[in-house]
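**Student:** next one to model:
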Amino acid sequence: DMFRTRVREAGLGELHLNAIVWAVPNLPSEQKVENLNDLINRLGFDSATSYVWIHHNQIPEFPAYSYAKYCEMSVRDFDTFTNKFDLPYFPNVTMGWDSSPRTIQTDRFDHLGYPFTPILTGNTPEEFRLALKQAKAFLDEGITNPKILTINSWNEWTEGSYLEPDTKYGMAYLEAIRDVFGQ
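**Tutor:** Numbering: from 1, shown residues only. Alright, predicted model coming up:
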């Protein structure tokens, strides 16, 4: 309440607090929240979103799984979360996932938990563009208002999820966003 008051008094309008939620504990110290709606309501949030797809569904195969197949599963979650949360849910599109750079590269890559987790393969700019198109179609249905999409991630290089230009695809991930959402 104090935060909202200070923002309002500073002439910045109304503050909107968005909770980043997930259901799958990834780190050993994480605990699953049993009543997420109760928690985000008690904390005073206005909406919910996701940070990355893997926070909601385990990647089904180790050591790698298709980005396109995982996208199908994650896009179905848009409706699931919209119905699950009491607050508006803003969908997420994840550019990719590969936490193996956070491992010691000389160690065996076994399924030991984060960062030794399965990776998503085939997360090309074109597959990312298709995921964005599905998110846009969901937003255009008008269920979520305002139309807000979160994208993972600008620079999670060591988790294989970044939009920044690289030497392989250049600006292609950013161009995909422009092509789907640009005017």
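
**Student:** how close does residue 179 sit to residue 3?
**Tutor:** Distance, residue 179 to residue 3, by C-beta to C-beta, to the nearest Å: 37 Å. The way it works is simple: take the backbone N, C-alpha and C, and place the C-beta from them, glycine included.

**Student:** those two: which has the busier surroundings?
**Tutor:** residue 179 (13 against 10; other C-beta atoms under 10 Å).

**Student:** number of nearby residues for the closest residue to residue 21 other than its chain neighbours?
**Tutor:** Of all residues not flanking residue 21 in the chain, residue 48 sits nearest, at 5.1 Å (C-beta to C-beta, 6 or more residues apart in numbering). Using other C-beta under 10 Å, residue 48 is surrounded by 21 other residues.

**Student:** how about residue 48, secondary structure?
**Tutor:** strand (DSSP: H, G, I helix; E, B strand; the rest coil).

**Student:** was I right to think it contacts residue 81?
**Tutor:** Yes - with contacts counted by C-beta atoms under 8 Å, residue 48 reaches residue 81, the gap being 7.3 Å.

**Student:** what sits up against the helix or strand of the chain with the lowest mean pLDDT?
**Tutor:** Every helix and strand in the chain was compared by mean pLDDT, DSSP states H and E; the lowest is helix 36-42, with a mean of 93. Helix 36-42 is contacted by residues 19, 21, 23, 33, 48, 84, 85, 86, 87 when judged by C-beta atoms under 8 Å, 6 or more residues apart in numbering.

**Student:** elements contacting the host helix or strand of residue 8?
**Tutor:** Assigned by DSSP states H and E, residue 8 belongs to helix 2-9. When contacts are defined as 3 or more C-beta pairs under 8 Å, 6 or more residues apart in numbering; DSSP states H and E, helix 2-9 packs onto no helix or strand at all.

**Student:** return the set of buried residues in that helix.
**Tutor:** By neighbour count with 16 or more other C-beta atoms under 10 Å, helix 2-9 contains no buried residues.
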